[in-house]
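Enquirer: quick one, fold the following:
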Amino acid sequence: MLQKLKQRRSEGGFTLVELLIVIVVIAILAAIVINTFSGVQARARDTERQTDVKAVASQLEVYYTDNGYYPTPTQMAGTPLTLFQGLSEDAITDPQGNDSNSFQTSAATAVGQYGYVNTDADCDNTPSNRCEDFTITWWNEVSNTSTSVSSLNN
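Expert: Just a heads-up that it's a prediction; the model follows:
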């Protein structure tokens, strides 16, 4: 009898309840890690957007220094890389992978958009109607709000 009891204990495995408890604990830990990781990713993308917008704003200030005015919204619509020599294509590409390599001629209203506006929206850079300032907006993924950077002339 004692021999059978010892043999039975050595052949024993995990019970169904023990396995379920382990699976539930692993699932809870995985959910916590995934939730934390997705928040970190969104903040990193927002930081990259902010860096990109500041790079474009810097190039716009150089453009103003060279020309005496800022580009029109029409010039900035589409791909503005032709206006700036020191700007990488990565600076106008959304870090989330949205295929939006362009600026809108209005404020950004959704994640992945960059907007470029002048106070005088219909400025055409004729001597009497020059673009004297700008605002670049981007959509903040974490706070779900629009964030902007303005020209030094504002």
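Enquirer: every contact and neighbour count from this point should use C-alpha atoms.
Expert: Will do.
Enquirer: and the gap between R45 and T119?
Expert: Distance of R45 to T119, given as C-alpha to C-alpha, to the nearest Å: 28 Å.
Enquirer: which other helices and strands contact the longest helix along the chain?
Expert: Across the chain, the longest stretch assigned as helix under DSSP state H is helix 16-67. If you count contacts as 3 or more C-alpha pairs under 8 Å, 6 or more residues apart in numbering; DSSP states H and E, helix 16-67 packs onto strand 135-140, strand 145-150.
Enquirer: the inter-axis angle of the first one versus helix 16-67?
Expert: Think strand 135-140. On the basis of axes from the mean of the first three to the mean of the last three C-alpha atoms, to 10 degrees, strand 135-140 is oriented at 180 degrees to helix 16-67.
Enquirer: can you show me the CA trace of strand 135-140 as PDB?
Expert: In PDB, the C-alpha atoms belonging to strand 135-140 read as follows (Å, rounded to 0.1, in the frame of the first residue of the first chain):
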ATOM      1  CA  THR A 135       1.400  78.200 -38.100                       C
ATOM      2  CA  ILE A 136       2.200  74.500 -38.400                       C
ATOM      3  CA  THR A 137      -0.100  72.100 -36.600                       C
ATOM      4  CA  TRP A 138       0.000  68.400 -36.000                       C
ATOM      5  CA  TRP A 139      -2.400  66.100 -34.200                       C
ATOM      6  CA  ASN A 140      -1.200  64.900 -30.800                       C
END
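Enquirer: need the residues that contact it.
Expert: Strand 135-140 has contacts (C-alpha atoms under 8 Å, 6 or more residues apart in numbering) with 46, 49-50, 53, 57, 107-118, 145-151.
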